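S.K.: 3D, please:
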Amino acid sequence: MRVAIFTETFLPKMDGIVRVVCLLADHLRSRGIEVLIVAPRIGTIDEYNGMRVVTVPGVTLPLYPELKVGPPTPFTYRDLQAFKPDVAHFIHPVMIGIPGMLMAKTLGVPTLASFHLDLARMAEHHNLSLLRPITDVLTRLIFNWADYALAPSKLVQRNLLALGVHDVGLWKRGVDAERFNPRYANRAMRERLTGGQPDAPLLLYVGRLSLEKRVQDLRAALEAVPGAHLALVGDGPYHADLERHFAGMNVHFVGYLHGEELSQAYASADAFVFASALETFGLVVTEAMAAGLPVVASRVGGIPDVVEEGVTGYTFEVGDTAALSEGVRRVLADEAQRQRMAAAARAYAETQSWGAMMDEVIEHYERLSQPREVAIA
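M.R.: Numbers count the residues shown, from 1 in each chain. Just a heads-up that it's a prediction; the model follows:
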């Protein structure tokens, strides 16, 4: 089988979507499936783990300055035609994916579209709420145009069905429980995350520093637990604003971490805090749970699907900083209870294998690529 993956973001940028694309591509390759990746030209990457990457030139997005996107070119069509895919998978089709889907349809290639980014709500958070009706209509049209659609959580699945998308399956997110593991706990990393005070309570956030992530809300959690420290792993356009917002507080801007350093950061904290207003799933939450961290997170995306209230963590409505603070207080007030929650979080994460989730996607590929019966009049 040959699969073409169209994605709006890719390496060297790293975020939740890129991690899913890489994990998917790696899994397909491990199953003997040939993969072609079509992605924006951000760096000089033309190959990933033995798989060819066809890059598309583009321009910087105002709402997402780390990206450069634009439509595929006639050269993209030539490469797709030469690859002869059995199915094309579109990772939330927009600038690259919509023209790419037209190319696939022209070539008679079955198409699958998966939802990864809530563009309508993102527009609202950037004071562009007038765009939401347009975005909703486009989402309905595009995901109905695909032969099948996948949602990352039950909440998103319900939203897409309510929007008028006809056929929506569920592609849940897994976690690499070996890579994200309590055994990576490291005192030197804890010293780094706390600015040299490793015995202080340590809260961790991993993700983009942008307005929709509501990182500023985490200030309330710090104020609720005197002496606690907050480590922010990641970067983004809101960095300077957050430095001003947290001035004089025990907040440490760590920047992006990768590989074993990221594993150590997760495992070396006491709790994971996440106040985001916009998530389709919230991959970092399951990564934190795999590392043995209780979670205090907003009820968005797939987070209600994975956090068991009072067992593996606490959840709160977006913007409810009082509930956020109370959740953090509960986690840190009793070490024995925190350890029980940590063990429960780890136990849950161990059941969420990426392999099983990806094999379900392959089953969709196989179903879509089967010859279709033609009705005879």
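
S.K.: and Thr76, what is it in contact with?
M.R.: Shown in contact with Thr76 (C-beta atoms under 8 Å, 6 or more residues apart in numbering): Val38, Val54, Val56, Gly100, Met103. Using the backbone N, CA and C atoms, a C-beta is placed for each residue, glycine as well.

S.K.: for the fourth one, give its distance to Val300.
M.R.: Using C-beta to C-beta, to the nearest Å, one gets 28 Å for the distance from Gly100 to Val300.

S.K.: tell me who's in contact with His245.
M.R.: Shown in contact with His245 (C-beta under 8 Å, 6+ apart): Gln216, Arg219.

S.K.: pull up the gap between the residue lying closest to Pro198 once chain neighbours are set aside and Arg179, please.
M.R.: Leaving aside its sequence neighbours, Pro198 sits nearest to Arg190 (C-beta to C-beta, 6 or more residues apart in numbering; 4.3 Å). Note on Arg190: its distance to Arg179, by C-beta to C-beta, is 19 Å.

S.K.: quick one, which of these two is more surrounded?
M.R.: More crowded of Arg190 and Arg179, by other C-beta atoms under 10 Å: Arg190, with 23 against 15.

S.K.: quick one, phi/psi of the more buried one?
M.R.: phi -60, psi -40 (degrees, to the nearest 10).

S.K.: tell me which residues touch it, please.
M.R.: By C-beta under 8 Å, 6+ apart, the contact set of Arg190 is Pro198, Leu202, Ser268, Ala269.

S.K.: show me those residues that map onto helices.
M.R.: Judged by DSSP state H, helices contain the following of those: Ser268.

S.K.: as a markdown table, the contacts of Arg190 with pLDDT and distance to Lys213 would be great.
M.R.: A markdown table is the format used below for the contacts of Arg190 (pLDDT from 0 to 100; distance: C-beta to C-beta, whole Å):
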| residue | pLDDT | distance to Lys213 |
| --- | --- | --- |
| Pro198 | 97 | 26 |
| Leu202 | 98 | 19 |
| Ser268 | 98 | 21 |
| Ala269 | 98 | 17 |
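
S.K.: which of the contacts of Arg190 sits closest to Glu335?
M.R.: Ranked by distance to Glu335 (C-beta to C-beta), the contacts of Arg190 are led by Leu202 at 13.2 Å.

S.K.: tabulate the contacts of Thr76 (TSV), appending pLDDT and secondary structure.
M.R.: Listed next are these as TSV, based on pLDDT from 0 to 100; DSSP: H, G, I helix; E, B strand; the rest coil:
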residue	pLDDT	secondary structure
Val38	98	strand
Val54	97	strand
Val56	94	strand
Gly100	98	helix
Met103	98	helix
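
S.K.: give the PyMOL command for selecting the buried subset of those residues.
M.R.: Here is the PyMOL selection string for the buried members of the contacts of Thr76, based on 16 or more other C-beta atoms under 10 Å:
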select buried, resi 38+54+56+100+103
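
S.K.: hmm, Ala297 is touching Val285, no?
M.R.: Yes. Between Ala297 and Val285 there is a contact under C-beta atoms under 8 Å: 5.6 Å.

S.K.: looking at these two, which one has more neighbours?
M.R.: Per other C-beta under 10 Å, whichever of Ala297 and Val285 has more neighbours is Val285, with 32 against 26.

S.K.: tell me the secondary structure of that one, please.
M.R.: Three-state call for Val285 (DSSP: H, G, I helix; E, B strand; the rest coil): helix.

S.K.: my guess is it meets Pro304, correct?
M.R.: No. At 10.4 Å, Val285 does not count as touching Pro304 under the criterion of C-beta under 8 Å.

S.K.: tell me how many other residues surround Thr60.
M.R.: Neighbours of Thr60 using other C-beta under 10 Å come to 10.

S.K.: cool, the one 10 residues further on as well?
M.R.: Residues lying near Gly70 (other C-beta under 10 Å) number 14.

S.K.: setting aside sequence neighbours, what's the nearest residue to it?
M.R.: Leaving aside its sequence neighbours, Gly70 is closest to Gly58 (2.9 Å, by C-beta to C-beta, 6+ apart).
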